[in-house]
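Undergrad: Below: sequence and its predicted model.
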Amino acid sequence: MKIAMGSDHGGIHLKEHIKTYLLKKGFEVEDYGTYNEESVDYPDYAAAVAEAVVAKKQDCGILICGTGIGVSIAANKVKGIRAALCGDCFSALMSKEHNNANILCMGERVIGRGLAEKIVDTYLNSQFQGGLHARRVEKIMNLEK
Ligand code: RB5
């Protein structure tokens with residue numbers, strides 16, 4: 001599975017940690033930045049990851065900023081994106097099973113590394129359940145028209 005990752009300066013340490021974690025597990029990770037602690041604008045990184053996912057260059061995305069809020073708001077402006085901000089494993093599971101989220105967002109200043117690893121594991125290991133959820137997701141996507 002190919003995973004796009006991105007963060008601003010507020011999420012860079014958790015991004016680096018999760019990137020290393022996923023590479024060790026054998027995932028392909030493309031890092032869309034940022035690459036240092038210099039202050040940057042999170043919409044730029046959210047857009048880069050979102051566009052790569054929509055273009056199917058990557059299978060899904062993981063975005064991190066200080067709270068996860070900014071990157072999730074920005075990514076959800078890109079047509080085709082369903083970005084879910086998760087701070088717990090149940091939400092991560094539901095974001096895939098019910099909402100078929102194609103980007104997982106987290107906040108480095110909100111959750112610890114151990115929880116972030118479990119949220120990522122849960123998100124990547126779960127499947128969209130389809131059925132009535134497919135109809136609801138389709139209704140979400142129709143809002144883009
Ligand atoms: C940057 O200071 C911070 O605003 C950003 O990382 C994020 O939390 C925005 O939603």
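TA: Everything's here; your move. Numbers count the residues shown, from 1 in each chain.

Undergrad: Now do the helix or strand where residue 114 lies: distance to the chain's middle.
TA: Using DSSP states H and E, residue 114 falls within helix 113-125. What separates the centre of helix 113-125 from the centre of its chain is 11 Å, taken as C-alpha atoms, centre = their mean, to the nearest Å.

Undergrad: got the buried residues for it?
TA: Neighbour counts over helix 113-125 (16 or more other C-beta atoms under 10 Å) mark 116, 117, 119, 120, 122, 123, 124 as buried. The C-beta positions use only the backbone N, C-alpha and C, and glycine is treated the same way.

Undergrad: What of stretch 59-69?
TA: For stretch 59-69, a neighbour-count test (16+ other C-beta under 10 Å) marks 60, 61, 62, 63, 64, 65, 66, 67, 68 as buried.

Undergrad: Tell me the bridge partners for the fourth one.
TA: In other words, residue 63. Beta-bridge partners recorded for residue 63 (DSSP bridges): residue 6, residue 105.

Undergrad: Give me the pLDDT for it.
TA: If you check residue 63, the pLDDT there is 99.

Undergrad: my read: it touches residue 3, true?
TA: No: at 11.0 Å, residue 63 and residue 3 do not qualify as touching, with contact defined as C-beta atoms under 8 Å.

Undergrad: Spell out which parts of this protein neighbour the ligand.
TA: 8, 10, 42, 65, 66, 67, 69, 70 (C-beta under 6 Å from any ligand atom).
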